[in-house]
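*Asks:* I'll drop the sequence and a predicted model, then ask my questions.
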Amino acid sequence: MFFKPAIDLLKEQGHEILCTSRQYREAVELARIKNLELEIIGKHGGAERYEKLRASTNRTFKLAYEIKKFEPSVAVSFSSPECSRVAFGLGIKHIGYNDSPHATAVTKLTIPLLARLFCPWVIPISAWKCSGISMDLIARYKGLDPVAWLRRDRYSKPSKQLSGSILEKGRKNILIRLEELKASYIADKNLNSSVLMIDDLINNLFQSVNIIILCRYNDQFRQVEQRYRGQAKVLKNVVDGVSLISSTDIFIGAGGTMTTEAALLGKPTISISPFRFYVEKYLVRSGLARRSSNGRELLALVRMILGSEVYAMRQKKIAARILGDMEDPLQKLLSFVSTCA
């Protein structure tokens, strides 16, 4: 989502672009939905350490071959360890975007090798002190990453893909986004708090509202479908997340990006993330989102929002004001690339 408008802008300026990604269900399907041409190199390693290592080293080897042929002046990534290693090895300047210093494994493998780190202003410089990058190479922007695409697209009506079997007319629609369980900063933890919170919500409300659950992985889909069969709609296919958020009444997020999207769109948003991170803290502090840490609290918040049209209207006003004042993070990229041309 972030790089699609960046690619379009760079192409308009006459730059030649090579777009790569690993074989990852959501990345590949979203690229198809957004008509983004990708060269798929390697695959996602899953949750296990050994498989992550194997997949990463294999992708690094294949990526090095392709990048050597392409001979770019600049590499840009969302702090990809494989991109960092290849760019460093081939002497290519690497720009990294990162809004997740809590993802320490990725941070250690990428940040020290960056020519420039771009991040939202809500992340203090001190958060990167242990990452191995010189502080003068960090450039912050007064915006959040979804600004890059939310400013350029408008979502007013649900697409044909979303209408009918997913959304229900006459009932409130609640969208739940599960956490990224196979991410390195979560995979080693034994987390079940968000599942228990969702259990409480669904058990109390499934008869009166339409609950939609958006999974990240195929095995996660199978587990959740079995757990909530007959109580919630578990989406198997990847959909345009922003269109889906825009078409629902409440968003509940256990992750990061979609929670930020929902909040900036003015959708009543509740974070149930198992971790506190800088962007989420800002969303809560600014009134763009609420946070819940247990099932009883989550249920009470949802019931309050469902019964208050004033709250929903207020969220739209807050989001419109804040989104309008934010800086486009892509401008940092365009400025840096222009100096390397």
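*Replies:* That came in fine, so what should we check first? Numbering: from 1, shown residues only.
*Asks:* how far away is the most centrally placed residue in the chain from P146?
*Replies:* With distances taken as CA atoms, centre = their mean, T257 lies nearest the centre of the chain, 3.0 Å away. T257 sits 7 Å away from P146, going by CB to CB, to the nearest Å. Where you see a C-beta, it was placed from the backbone N, CA and C, and this is true even at glycine.
*Asks:* and for those two, which residues touch both?
*Replies:* Taking CB atoms under 8 Å, 6 or more residues apart in numbering as the criterion, T257 and P146 both touch M1.
*Asks:* which residues are in contact with the helix ranked longest in the chain?
*Replies:* As assigned by DSSP state H, the longest helix anywhere in the chain is helix 49-70. For helix 49-70, contacts defined as CB under 8 Å, 6+ apart pick out 18, 20, 22, 39, 41-46, 75, 81-83, 85-87, 89-90, 92, 184.
*Asks:* over to stretch 325-341?
*Replies:* For stretch 325-341, the surrounding residues in contact (CB under 8 Å, 6+ apart) are 2, 5-6, 9-10, 13, 15, 73-74, 76, 93, 95, 97, 116, 118, 120, 139, 141-145, 147-148, 151.
*Asks:* with stretch 279-293 instead?
*Replies:* Against stretch 279-293 from outside (CB under 8 Å, 6+ apart): 99, 120, 122-123, 144, 193, 197, 256, 259-260, 262-264, 269-273, 298, 301, 315, 318-319, 322.
*Asks:* check contacts around V242.
*Replies:* V242 is in contact with M1, W149, L150, D153, Y155, E261, L265, counting by CB under 8 Å, 6+ apart.
*Asks:* show me those residues that map onto helices.
*Replies:* Per DSSP H, helices hold the following members of these: W149, L150, E261.
*Asks:* tell me the pLDDT at the first one?
*Replies:* Going back to what we said before, that points to W149. pLDDT recorded at W149 is 91.
*Asks:* quick one: residues contacting it.
*Replies:* Counting by CB under 8 Å, 6+ apart, W149 has contacts M1, F2, K4, P5, V242.
*Asks:* possible to save the residues you listed as CSV with pLDDT?
*Replies:* Output for the contacts of W149, formatted as CSV (pLDDT from 0 to 100):
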residue, pLDDT
M1, 75
F2, 84
K4, 87
P5, 88
V242, 90
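*Asks:* of those residues, closest to Q226?
*Replies:* Q226 lies nearest to V242 out of the contacts of W149, by CB to CB, at 28.4 Å.
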